[in-house]
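[1] give the three-dimensional model of this entry:
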Amino acid sequence: MADFLPPWLRELGSIAGLLSLGYVVFDRFFKDRPRASITMGDYGPLVLIANPSSTDVTMIGYRVMPAAYGIAHDEGQNSIVAAAAGEQFSATIKAASAASFVLLTRSKDGKKQTEIHRHGVIFIFWRKNSSLLLRQIPIWTSYDVSIIASLRKP
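    Here you go, the predicted model:
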(Lines give C-alpha, C1' and ligand atoms only; values in the text may rest on other atoms or scores of the structure.)
Protein backbone atom coordinates (compact mmCIF):
# COMPACT_ATOMS: atom_id res chain seq x y z
CA MET A 1 0.00 0.00 0.00
CA ALA A 2 2.84 2.40 0.78
CA ASP A 3 4.94 1.24 -2.16
CA PHE A 4 4.77 4.68 -3.74
CA LEU A 5 6.67 6.22 -0.77
CA PRO A 6 10.45 6.32 -0.91
CA PRO A 7 12.19 3.90 1.50
CA TRP A 8 13.77 6.71 3.56
CA LEU A 9 10.32 8.18 4.27
CA ARG A 10 8.97 4.79 5.40
CA GLU A 11 11.96 4.39 7.74
CA LEU A 12 11.40 7.89 9.11
CA GLY A 13 7.74 7.02 9.77
CA SER A 14 8.77 3.82 11.51
CA ILE A 15 11.18 5.70 13.76
CA ALA A 16 8.50 8.30 14.58
CA GLY A 17 6.06 5.50 15.44
CA LEU A 18 8.57 3.83 17.76
CA LEU A 19 9.31 7.12 19.50
CA SER A 20 5.58 7.74 19.96
CA LEU A 21 5.16 4.26 21.41
CA GLY A 22 8.03 4.88 23.83
CA TYR A 23 6.49 8.15 24.98
CA VAL A 24 3.06 6.57 25.52
CA VAL A 25 4.54 3.66 27.49
CA PHE A 26 6.58 6.07 29.66
CA ASP A 27 3.54 8.30 30.19
CA ARG A 28 1.25 5.42 31.20
CA PHE A 29 3.70 3.47 33.39
CA PHE A 30 5.97 5.98 35.09
CA LYS A 31 5.02 9.65 34.74
CA ASP A 32 2.96 11.40 37.43
CA ARG A 33 1.51 8.26 38.99
CA PRO A 34 -0.09 8.46 42.42
CA ARG A 35 1.15 6.15 45.18
CA ALA A 36 -0.99 3.98 47.44
CA SER A 37 -0.08 2.76 50.92
CA ILE A 38 -1.76 1.55 54.09
CA THR A 39 -1.44 3.59 57.27
CA MET A 40 -3.21 3.81 60.61
CA GLY A 41 -5.69 6.54 61.47
CA ASP A 42 -7.47 7.46 64.69
CA TYR A 43 -10.19 4.82 64.24
CA GLY A 44 -8.44 2.11 62.23
CA PRO A 45 -6.49 1.38 59.03
CA LEU A 46 -6.60 3.79 56.11
CA VAL A 47 -5.64 3.58 52.45
CA LEU A 48 -3.52 6.65 51.73
CA ILE A 49 -3.28 7.82 48.12
CA ALA A 50 -0.59 10.44 47.53
CA ASN A 51 -0.60 12.48 44.34
CA PRO A 52 2.87 14.00 43.78
CA SER A 53 2.08 15.25 40.27
CA SER A 54 1.18 18.76 39.15
CA THR A 55 -2.30 17.73 37.92
CA ASP A 56 -5.33 16.48 39.81
CA VAL A 57 -6.23 12.80 39.56
CA THR A 58 -9.54 11.04 40.04
CA MET A 59 -9.88 7.70 41.74
CA ILE A 60 -12.64 5.99 39.75
CA GLY A 61 -12.84 2.71 41.65
CA TYR A 62 -11.02 0.00 43.53
CA ARG A 63 -10.79 -3.76 43.86
CA VAL A 64 -9.51 -5.76 46.80
CA MET A 65 -8.33 -9.27 45.98
CA PRO A 66 -9.36 -11.38 47.85
CA ALA A 67 -12.30 -9.36 49.12
CA ALA A 68 -11.30 -9.26 52.79
CA TYR A 69 -11.59 -5.47 53.01
CA GLY A 70 -13.89 -2.74 51.78
CA ILE A 71 -12.96 0.90 51.26
CA ALA A 72 -15.15 3.75 52.50
CA HIS A 73 -14.89 7.34 51.32
CA ASP A 74 -14.93 8.71 54.87
CA GLU A 75 -15.90 7.74 58.42
CA GLY A 76 -19.56 8.71 58.00
CA GLN A 77 -22.31 6.18 58.55
CA ASN A 78 -23.62 6.27 54.95
CA SER A 79 -20.16 5.81 53.54
CA ILE A 80 -19.38 2.85 55.79
CA VAL A 81 -22.69 1.14 54.96
CA ALA A 82 -22.04 1.67 51.23
CA ALA A 83 -18.55 0.18 51.58
CA ALA A 84 -19.91 -2.82 53.48
CA ALA A 85 -22.37 -3.37 50.62
CA GLY A 86 -19.49 -3.25 48.13
CA GLU A 87 -20.48 0.00 46.42
CA GLN A 88 -17.81 1.90 44.49
CA PHE A 89 -17.13 5.62 44.76
CA SER A 90 -14.96 8.15 43.00
CA ALA A 91 -12.86 10.89 44.55
CA THR A 92 -10.63 13.66 43.24
CA ILE A 93 -7.16 14.02 44.72
CA LYS A 94 -5.66 17.47 44.27
CA ALA A 95 -2.19 18.01 42.88
CA ALA A 96 0.69 17.64 45.36
CA SER A 97 -1.59 16.35 48.13
CA ALA A 98 -2.92 13.11 49.59
CA ALA A 99 -6.28 11.63 50.49
CA SER A 100 -7.08 8.86 52.94
CA PHE A 101 -9.93 6.37 52.80
CA VAL A 102 -11.18 4.04 55.53
CA LEU A 103 -10.25 0.36 55.21
CA LEU A 104 -13.04 -1.86 56.58
CA THR A 105 -12.86 -5.55 57.43
CA ARG A 106 -15.54 -7.55 55.66
CA SER A 107 -17.26 -10.58 57.13
CA LYS A 108 -19.15 -13.43 55.52
CA ASP A 109 -21.36 -15.89 57.39
CA GLY A 110 -20.29 -14.35 60.70
CA LYS A 111 -16.59 -14.94 60.09
CA LYS A 112 -14.11 -12.17 59.34
CA GLN A 113 -12.55 -12.51 55.89
CA THR A 114 -9.18 -11.41 57.30
CA GLU A 115 -9.07 -14.65 59.29
CA ILE A 116 -9.35 -16.61 56.04
CA HIS A 117 -7.31 -14.37 53.73
CA ARG A 118 -4.15 -13.11 55.43
CA HIS A 119 -2.52 -11.50 52.36
CA GLY A 120 -3.90 -9.63 49.39
CA VAL A 121 -3.67 -6.72 46.98
CA ILE A 122 -5.65 -3.49 46.71
CA PHE A 123 -5.95 -2.09 43.18
CA ILE A 124 -6.89 1.57 42.73
CA PHE A 125 -8.25 2.58 39.32
CA TRP A 126 -7.55 6.20 38.44
CA ARG A 127 -7.29 8.78 35.67
CA LYS A 128 -5.54 12.08 35.22
CA ASN A 129 -7.94 15.01 35.16
CA SER A 130 -6.02 16.50 32.24
CA SER A 131 -6.86 13.45 30.08
CA LEU A 132 -9.97 11.72 31.39
CA LEU A 133 -10.51 9.69 28.23
CA LEU A 134 -7.18 7.86 28.47
CA ARG A 135 -7.15 4.95 30.88
CA GLN A 136 -4.25 4.55 33.27
CA ILE A 137 -2.74 1.36 34.57
CA PRO A 138 -4.04 0.82 38.13
CA ILE A 139 -1.87 1.50 41.14
CA TRP A 140 -1.70 -1.14 43.84
CA THR A 141 -0.55 -1.87 47.32
CA SER A 142 -0.33 -5.22 49.02
CA TYR A 143 -1.52 -5.94 52.52
CA ASP A 144 -0.72 -8.40 55.26
CA VAL A 145 -3.21 -8.65 58.12
CA SER A 146 -0.48 -9.04 60.75
CA ILE A 147 1.28 -5.85 59.58
CA ILE A 148 -2.01 -3.91 59.65
CA ALA A 149 -2.64 -5.19 63.19
CA SER A 150 0.85 -4.07 64.23
CA LEU A 151 0.10 -0.52 63.02
CA ARG A 152 -2.62 -0.09 65.62
CA LYS A 153 -1.93 2.60 68.18
CA PRO A 154 -1.43 1.33 71.77
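
[2] hey, what's the most centrally placed residue in the chain bridged with?
    The centre of the chain sits closest to residue 124, judged by Cα atoms, centre = their mean, with a distance of 2.1 Å. Beta-bridge partners recorded for residue 124 (DSSP bridges): residue 62, residue 139.

[3] give the contact list for it.
    Residue 124 is in contact with 34, 36, 47, 49, 59, 61, 62, 138, 139, 140, 141, counting by Cβ atoms under 8 Å, 6 or more residues apart in numbering. Every C-beta, even on glycine, is put in place using the N, C-alpha and C of the backbone.

[4] isn't the first one right next to residue 58, touching?
    No: the pair residue 34 / residue 58 is not scored as a contact, 10.2 Å apart, by Cβ atoms under 8 Å.

[5] of the contacts of residue 124, just the buried ones, PyMOL syntax please.
    Listed next is the PyMOL selection for buried residues among the contacts of residue 124, using 16 or more other Cβ atoms under 10 Å:
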select buried, resi 34+36+47+49+59+62+138+139+141
